[in-house]
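Asker: need a structure here:
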Amino acid sequence: MESVNVLCLKWGDRYGPEYVNILFRAVSRNLKRPFRFHCCTDNPTGLDPVIEIIPFPVNPGIRRGWPDILVKLAILRDGFGSLQGPTLFLDLDVAITGALDPFFDYKPGEFCIIHNWVNWRKTLLGRRPAVGNSSVFRFEAGKCHYAYEIFLREMHRAEDRKIFNTEQAFLTYALGNPQWWPDEWVRSYKWNLRPGFPLNLLRIPRLPEGCRILVFHGRPDPDEAIRGFKGRKLHHRILPAPWIAEYWKL
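Answerer: Got it, this is the predicted structure:
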């Protein structure tokens, strides 16, 4: 079976090397086919020696500073990290809770991404925008340079939060015709698991059936969710969920 790629990004100091190592080991436990694990980073110190390091790219012209989250567009250029073929991108703040092979078997050759979560009212009213969440997406390395060229031509629009409020909105636009992962495969800890107020003060979040990847976008991070998270408001508070440690571990 042909080898596939798994890719993550790390820069700055919010996430230490343990986040990369935990992700690598989780992928190793849950992906049966041959794979190469890559980390694009500005500091490889402390990373498992098996992890293949891709140097952080130079600023392609972003005016608001570098490194920047728009680096997710730079990974689409031809030659990036010498990657070729199916590539699954994973943010560091995720917990792998099930088999990952389906993420490579699902609609092969297509650009697949999370259909970004919105509040339940917008979903019920049919107002869920066609925008992806870039915590988990798959693309064909070596065949997406067109999206990088769009990024270079329209970088001023990509940076303008009044036009594209997030990098993932521009990513979805540039790659075009996104295919959404099945909703049950990828769940948001705060949108799908945190009970609504006031039940969040009484009930421990539980892993939904069929969830393969649990995303901790924003706060809490996985280690905070294990311990419990106070948040700034009562309806943000989440009780400790020690079961997460079964999945988020070295």
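
Asker: going forward, measure contacts and count neighbours with C-alpha atoms only.
Answerer: Fine.

Asker: Correct me if wrong: F164 contacts L171.
Answerer: No: F164 is not in contact with L171 according to Cα atoms under 8 Å; the separation is 9.6 Å.

Asker: Output the contacting helices and strands for the helix or strand encompassing I114.
Answerer: If you go by DSSP states H and E, I114 is part of strand 112-115. If contacts are counted by 3 or more Cα pairs under 8 Å, 6 or more residues apart in numbering; DSSP states H and E, strand 112-115 sits against strand 132-141, strand 179-180.

Asker: The last one pairs with which strands, parallel or anti?
Answerer: In its sheet, strand 179-180 lies beside strand 112-115 (parallel), with partners assigned from DSSP bridges.

Asker: distance between the ends of stretch 184-200?
Answerer: End-to-end distance of stretch 184-200 (Cα to Cα, to the nearest Å): 21 Å.

Asker: In the chain, where is pLDDT below threshold?
Answerer: 120-126 (pLDDT under 70).

Asker: Quick check: the gap between the residue sitting nearest the centre point of it and I114.
Answerer: Centre of the chain computed as the mean C-alpha position; nearest residue by Cα atoms, centre = their mean is S135, 1.6 Å away. Per Cα to Cα, S135 is found 8 Å from I114.

Asker: give the contact list for the closest residue to G12 other than its chain neighbours.
Answerer: Distances taken as Cα to Cα, 6 or more residues apart in numbering place D42 nearest to G12, at 7.8 Å, with adjacent residues excluded. With contacts defined as Cα atoms under 8 Å, 6 or more residues apart in numbering, D42 is in contact with K10, W11, G12, P55, F56.
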